[in-house]
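1. Whatever this is, show me its structure:
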Amino acid sequence: MSVFRILDIAGSAMNAQSVRLNATASNLANAESVSSSVEGTYKARRPLFSAAMDEAYRLQQSNGEPVDPASGEPYGVGVSLKGIVESDAPVIKEYSPNHPLADRDGYVYRPNVNPVEEMADMISANRSYQTAVTMAESAKKMLLQTLRLGQAAT
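-> Now for the predicted structure:
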């Protein structure tokens, strides 16, 4: 696998974790909002990712591993965003008859966002992003060392 392909994969990983961080930030920002109906209540959002097989037509399968047909070397794939889905967990129904947004039965509805889960997800996404940055930096250093080898030979 070429060093440039490693940079592509690291870039797709950083993009994926950025989307994940944005979704988590949105969930946390709306965690304390209230609504007068179930339909109008904010629902937690989660991004769905998959391996990016954008060049699948160029790949051949060898022992279940993608292989570049030109070189026969293993071919890495990045991450692609398939969509963002809303959680199907029920919203929180809270009895608060004095609240200005209470329905005629005295209930307000809160999002199905768990701040503790969101913070754990944010820490995980942050660390995954940092790992992708480290991977890109390592690939860059290897590329620079390769170029320096060429300079020393001349």
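2. only C-alpha atoms for contact and neighbour calcs from this point on.
-> Will do.
3. my guess is Pro111 meets Ala31, correct?
-> Yes - using Cα atoms under 8 Å, Pro111 is in contact with Ala31, at 6.0 Å.
4. what about the two, which has more around it?
-> Shown here are Pro111 and Ala31; by other Cα atoms under 10 Å, Pro111 has more neighbours (24 against 19).
5. ok, back up a step: give the residues shared as contacts by Pro111 and Ala31.
-> Shared contacts of Pro111 and Ala31, defined by Cα atoms under 8 Å, 6 or more residues apart in numbering, are not found at any residue.
6. Compute the number of surrounding residues for Ala132.
-> Ala132 has 22 nearby residues by other Cα under 10 Å.
7. make that Ser37, sorry
-> 16.
8. which ones are touching it?
-> By Cα under 8 Å, 6+ apart, the residues touching Ser37 are Asp103, Val108, Tyr109.
9. So which residues of this structure form strands?
-> 45-51, 60-62, 65-67, 79-86, 92-95, 107-110 (DSSP state E).
10. looking at the ones you listed, which is closest to Val38?
-> Judged by Cα to Cα, the one of those that comes nearest to Val38 is strand 107-110, at 6.3 Å.
11. Let's test this: name the helix or strand in this structure with the lowest mean pLDDT.
-> Using mean pLDDT, DSSP states H and E, strand 60-62 stands out as the lowest-scoring helix or strand of the chain, at a mean of 48.
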